[in-house]
Every structure is written in C-alpha cells, then in structure tokens.
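Trainee: 3D, please:
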Amino acid sequence: MYSTVEKNDLNDKTRETAADLRDGVRRVKDDVRAAAGTVKSDIEDIARQTGRQARDLYGTAEENVSGVVDAMSAKIYDNPVQSSLIGLAVGVFFGVLLARR
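Mentor: From the prediction side, this is the model:
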C-alpha cells in the first residue's frame, strides 16, 4: 500500500487539483457572465434600432397616406358630380356582386 508520505502527497495534489478546478470554474462563470452581458447589450441595441426604424417607417407611411387622402379630397371637391357617379357605380357593382351569393 501507500506510505504516509505518499498519502500526504496524494492528498496535497488532490487539494491542489480541486482548488485549480474551483478557480477554473470561477473563471468560466465570470467569462460566461461577461459574455451574457455583452449579448444582452447587443440585443438591446438591436431592439432600439429596430424600434427607431419602425417609427420612421410608420411616420413615412402616415405622411404618404395623408398625401393620398388630401389628393383624393381635392379631386372630390373639384369634381363632385363625377365623384358621386363613380361612388354610385362602385356601390352598384358591389351590390350586384354580393347579391349573387
């Protein structure tokens, strides 16, 4: 079997190895935390950019729709009889289309 000196050496080496493992695990945990913080920060930045882009697109769409509505209102105001006849024709078309069902 092992002598007392050899057992003590083995115990010391086991303790050193265990301490090294604990230090390694601690370093890995710290590295993972740091990486997770970086990923979180990156995701937050992407979310902010996406939000800004969505707001910009919404604003652009709103301006375009507003322009179309203004143009249509001007056409209707400039040609009320023609606009009324077009509205009547569209109504009749959909009435006939829906009456077939």
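
Trainee: Can you name the next helix or strand after the host helix or strand of Glu62?
Mentor: With elements delineated by DSSP states H and E, Glu62 resides in helix 4-78, which encompasses its position. The helix or strand immediately downstream of helix 4-78 is helix 80-99, counting by DSSP H and E.

Trainee: how near is the residue most central in space within the chain to Ala54?
Mentor: Computing the C-alpha centroid of the chain and ranking residues by CA atoms, centre = their mean puts Ala47 first, at 5.4 Å. Counting by CB to CB, to the nearest Å, the separation of Ala47 from Ala54 is 10 Å. C-beta coordinates here come from the backbone N, C-alpha and C atoms, glycine included.

Trainee: Can you read off the pLDDT for the residue nearest to the centre of the chain?
Mentor: The confidence metric pLDDT takes the value 96 at Ala47.

Trainee: Same question for the one 3 residues further on.
Mentor: The model reports Thr50 with a pLDDT of 97.

Trainee: Relative to Val5, how far out is it?
Mentor: To Val5, Thr50 is 67 Å away according to CB to CB.

Trainee: Kindly report the same for Asp20.
Mentor: Computed with CB to CB, the distance linking Asp20 and Val5 is 22 Å.
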